[in-house]
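S.K.: would you be able to build a 3D model of this:
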Amino acid sequence: MTEILAQGPIFLICLAFLLGVVVIIHELGHYLAGRFYGAAVESFSIGFGKSIVERKDSVGTRWRVNWIPLGGFVKFVGESQLPTDVGKVEQGPIGKPYPQLSVGARSVVALAGPAANFVLAVLLFTVFFAVRGTEQYDVYAHQVNEGYPAAEAGMLDGDIIRRVDGAPIRQIADMIVITSMSTGRALPFEVQRGEETLTLMVTPRREVRPNQLGQLVPQGTIGVVPAGLQGSLEFRRFGPIEAVGMGVFETKDTVEHTVYMLGRIITGKEPLALMSGPVAIGDAGRRIVNRTMGAESVPLTTRLSVLGWSTLQLCALISIGIGFFNLLPLPVLDGGHLVFNAYEAVTGKVMPEKVQEVALMAGLGLLLTMFVFITWGDVLETGLFNGSASE
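M.R.: Residues are numbered from 1 along each chain as shown. Modelled structure (predicted):
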């Protein structure tokens, strides 16, 4: 516990950087779309709380850098972000009040934030595949533990795992992503044993154990210690067009996994603890920094390179998560604004202010409740209370 508390500065720097970059891009998407339609912008803020630096541009928008460096926000004139905003129209900024934009324009503005996150993820993945490249290799069961699902299904040490649930396995992470989110679901494992190809039905069971970063997470496990098959490693960089295609595919694949995971959480098949919040983001960044820079036998330039690429990938994943989360149909999120817009488009009337206030209040309450539960789960994942947070 003492060690992780001592690493508070690293945690805060990682959190501010990772969350800040992604949220600012999200808000920039809203801002650019709003200005395209002539909307008046009251403020564009980096961070929260009181301003450190603030200036007003030629159209009356306040550009602010605030004390709490966790993301940011854009506020359009007349936009109802909180229950207290309903019916209020700020004076000063040049342009149309947000409610005067057409339903279609407001919907584009609402979608622009998540879209910016997905575009950012595609660009980051594209850079990764074009410049860094990717490693692929055959994955085999280095050790199959007795009493676990894989052993019960008949898997043996040395089996090469070719496919899981129809998806090809070309890295250890490919298998972990599928099995960790499939508690209680029978998965077909296509394995190669010598010259023979077998299909084994393996049902992951839930177990609290360290993930790849060392965070304690309840996840599906099959009791296999995987390893890369010696001599099967292939390294490849992609050309610009191929890299863009790979970036799009990786983003699409991550969104599909997110939808799948959320569906299992909603139906009670997986715990809410699988969702991650700011604490988990900061802790993941802290662990990546410690693990990479702690390898003192590796040259510094190599460590810095690995750290940069790991941070880029994590940033892309966080961007997808924030973009997807904001599309949920909760009133205080972009998805909630789309619901209000749909009501107006169908009925031809703006949703009554009282209904908006109640909906925003309920949505805010639900978000705060989720935040408390998710944050508590994140704190447990760090291992703060059981001495597992040293990494």
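
S.K.: after the helix or strand hosting Cys315, next one along is what?
M.R.: Counting by DSSP states H and E, the element that carries Cys315 is helix 300-325. For helix 300-325, the succeeding helix or strand toward the C-terminus, using DSSP H and E, is helix 334-347.

S.K.: mind listing residues that contact that following helix?
M.R.: Residues outside helix 334-347 that contact it (Cβ atoms under 8 Å, 6 or more residues apart in numbering): 103, 106-107, 110-111, 113-114, 326-331, 350-351, 356, 359-360, 363. C-beta coordinates here come from the backbone N, C-alpha and C atoms, glycine included.

S.K.: and those residues, which of them are buried?
M.R.: For those, a burial check counting by 16 or more other Cβ atoms under 10 Å picks out 103, 106-107, 110-111, 113-114, 326-327, 330-331, 351, 356, 359-360, 363.

S.K.: which one of those residues is nearest Gly72?
M.R.: Taking Cβ to Cβ as the measure, Gly113 is the one of those closest to Gly72, at 11.4 Å.

S.K.: element containing the closest one?
M.R.: helix 103-127.

S.K.: contact partners for the nearest residue to Pro99 once chain neighbours are set aside?
M.R.: Of all residues beyond its chain neighbours, the one nearest Pro99 is Gly78 (4.9 Å), with distances taken as Cβ to Cβ, 6 or more residues apart in numbering. Neighbour list for Gly78: Ala40, Lys88, Val89, Glu90, Pro97, Tyr98, Pro99, Gln100 [criterion: Cβ under 8 Å, 6+ apart].

S.K.: rewinding a little: out of the buried ones among the contacts of helix 334-347, which one sits closest to Ile178?
M.R.: Of all the buried ones among the contacts of helix 334-347, Leu327 has the smallest distance to Ile178: 23.7 Å, by Cβ to Cβ.

S.K.: per-residue confidence at that closest one?
M.R.: In this model, Leu327 is scored at 94, pLDDT.

S.K.: next: the one 10 residues further on.
M.R.: Looking at His337, its pLDDT stands at 90.

S.K.: what does the one 3 residues further on give?
M.R.: In the prediction, the pLDDT value recorded for Phe340 is 91.

S.K.: likewise Tyr148?
M.R.: Looking at Tyr148, its pLDDT reads 95.

S.K.: do I have it right that it meets Gly220?
M.R.: No. Judged on Cβ atoms under 8 Å, Tyr148 makes no contact with Gly220 at a distance of 11.2 Å.

S.K.: who touches both of the two?
M.R.: Arg205.

S.K.: with adjacent residues omitted, what lies nearest to Pro93?
M.R.: Gly60 (3.6 Å).

S.K.: how about the one you found, secondary structure?
M.R.: Following DSSP: H, G, I helix; E, B strand; the rest coil, we place Gly60 in the coil state.
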